[in-house]
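Enquirer: Coordinates for the following, if possible.
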Amino acid sequence: MLEVIILAAGKGTRMVSNLPKVLHEIAGKPLLQHVLDTCEGLGVDRLHVVYGYGGDSLPEKINNTEINWVLQSEQKGTGHAVDIAMSHVNDDSTVLILYGDVPLISKESLNELMRVAAEKSVGLMTARLENPGSYGRIQRDNNMYFQSIVEHRDATAEQQKINEINTGVFAAPARKLKLWVSKLGCENTQGEYYLTDIFAMAVAEGVSVETCQPFDNSEILGINDRQDLSFVERIYQKKQAEHHLLAGLTISDPARFDVRGNLVHGKDCFVDINVIFEGDVVLGDRVSIGSNCLIKNMWIGDDVEIRANSILEDSSIGELATVGPYSRVRPESEIAALAHIGNFVEIKKSRVGSGSKVNHLSYIGDSEIGADVNIGAGVITCNYDGANKYKTIIGDKVFIGSDSQLVAPVEIGKGATIGAGSTITKDVPAGELTLSRSAQQTKKGWQRPVKKKPEED
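Expert: Next comes the predicted model:
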C-alpha cells in the first residue's frame, strides 16, 4: 500500500505575496497541482496534503475530493508537518514524502525511488551537483554505504566538498517513520523539527538507506522566490518544446514557445515565435500558426492557417480555413472548412459556414452563417439590446455590403444581397437586393465654419 504525503504548508516569504507559495503557477498550473498530477501515475492508495498558510484557500483552489487535507496550524518545520500527517497513515503502508514547491519531479524518478525502497528499507533520492551550495551533504562510509546527512551549516570544509546532496524526497515504511518523527526534537536555532534527523535514527537501528538519483537534476529544483519561478518555467517549457520537436512539430524558436496545458498535433505543423497554447489543443496535419497567437481549448483541422496576432479559444476551425491576422474567435464558435476570418474580425458564439468570408473589421455574434457568404468590411450583428441577446441567421450565398448593421433577431434569406451602409431590422427575402439609406442631399453654397483669429475676439 502506497501513501503520499505532500508538504505544502509554507508561506513562501520570499515570494512577497499573499498567495500561498504552492498556488503560484508554472505553465498556468499551480505548483502543487504539478506534483498531484505526477502522483496520478504512481498507483497511490491515499494522498495527504499538509497545508497551513492561506487557510482554506489551498483546498478551495485545488478542489480534489480524493485528497486528505491535513492542517498544520503552526509551521514548526518539515518534521512536525510529517508527524501530524502520520496519524492519518496506515501502519502497513509505504510512505512517500514529496514537496508542493518542487513541481518538476517525474513519475519515472519516483518509480525508481520506490524500487530501491524495499519493504523494510528507506529509499532516499540524492543528486550530484557541480555546485552543491547550501544543500545537506550525503556522508558515506568506505564501502559507499549511506551513513548520514550533514547539513551545510554543520559541515566541515572537507564535507562541504562532497557533491552528493539530499533532495528531501524519500520513501519509508510507515510504522518506522511514525516512530522516528515522534522522537524528533527542536533544539536548534530555528526551533523547528527537522525531517532529515530521521535518517540518523534509521542507521542507528540498522535500517538500510538505499539511494537513487533523478533522471534529470532539474526535477529537484524547489521554488523559493519569483526568480526561481521564472527559471523553472523556462525549464518546463524547454522540455515541452523538446518533446514536440521530437514528435515532428516545427517550432521557429523553442525559447519562445509555451504550452500551458496539453497540445496534440499532426504532421508537418509549424509554430512561429511567441505562440501560447492553453488548455487542450488539437492541431491537424500541416497547420501553420503565426507569431504572437494565443490558442486555448481549440480543435484545428488539417491545412489551417492561423495568421499572426490572433486569439482563438474554446472553438473549432475546419480544414483549409484561414484566420487572421489580428482575429479573435471567442468561445462556442465553429469556423467551417475553407472559411476566411480576416484582420480585426471578432467571432462570438457563431457558426461560419464552408467557404464563407468575413475579411475585414467586423463583429459576428450569436449568428448562423451559411456557406459561401461574403460579409463586407465593417459589418456588425447587433445581437444585444442591453438585457437580452438575439440570433442572426444568414443563408447560403448571401452578400452583405460594407458598413451594414444587422439588428437581431433577423434572418437573411439565401442568395440575398444587402446594399452597403444598410441598417437591417426586418427579415430579408431570398434572392433580392435589400437596402436602407437616407436620400443623399447637397446643400449648395454651404460654408464650412472657420476659427476666429485671436485679435477678433
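
Enquirer: which stretches of this protein form helices?
Expert: Using DSSP state H, the helices found in the chain span residues 31-39, 57-62, 78-86, 107-116, 174-182, 198-204, 226-246.

Enquirer: Put together CSV for these, with mean pLDDT on each row.
Expert: Converted to CSV, the helices of the chain look like this (pLDDT from 0 to 100):
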stretch, mean pLDDT
helix 31-39, 97
helix 57-62, 93
helix 78-86, 94
helix 107-116, 95
helix 174-182, 95
helix 198-204, 93
helix 226-246, 98
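
Enquirer: and of these, who's closest to I311?
Expert: helix 226-246 (19.7 Å; C-beta to C-beta). In this view, the C-beta of every residue, glycine as well, is placed from N, C-alpha and C.

Enquirer: The closest one to helix 31-39, inter-axis angle?
Expert: 40 degrees (axes from the mean of the first three to the mean of the last three C-alpha atoms, to 10 degrees).

Enquirer: For the helices of the chain, give me TSV that also has mean neighbour count and distance to E158.
Expert: Formatted as TSV, the helices of the chain follow (neighbours: other C-beta atoms under 10 Å; distance: least, C-beta to C-beta, whole Å):
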stretch	mean neighbour count	distance to E158
helix 31-39	21	35
helix 57-62	16	42
helix 78-86	23	27
helix 107-116	17	28
helix 174-182	18	28
helix 198-204	18	19
helix 226-246	15	30
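
Enquirer: so which of the ones you listed gets nearest F146?
Expert: F146 lies closest to helix 198-204 among these, at 7.2 Å (C-beta to C-beta).

Enquirer: chain center to that closest one: distance?
Expert: Here helix 198-204 is found 40 Å from its chain centre; the criterion is C-alpha atoms, centre = their mean, to the nearest Å.

Enquirer: contact partners of stretch 116-124?
Expert: Stretch 116-124 is contacted by residues 94, 113-115, 146, 166-167, 169-173, 176, 199, 202, 207-212 when judged by C-beta atoms under 8 Å, 6 or more residues apart in numbering.

Enquirer: do the same with stretch 88-95
Expert: Stretch 88-95 is contacted from outside by 1-5, 45-46, 48, 68, 70, 86, 114, 117, 119, 171-175, 177-178, using C-beta under 8 Å, 6+ apart.

Enquirer: Recalculate using a threshold of 6 Å.
Expert: M1, L2, E3, H48, N68, A171, A172, A174, R175, L177 (C-beta atoms under 6 Å, 6 or more residues apart in numbering).

Enquirer: Could you report the neighbour count for the residue nearest to the fifth one when sequence neighbours are not counted?
Expert: Of all residues beyond its chain neighbours, the one nearest N68 is H48 (4.7 Å), with distances taken as C-beta to C-beta, 6 or more residues apart in numbering. Here the count is done by other C-beta atoms under 10 Å, and H48 has 21 residues near it.

Enquirer: Enumerate the beta-bridge partners assigned to H48.
Expert: Counting by DSSP bridges, H48 is bridged to I5, N68.
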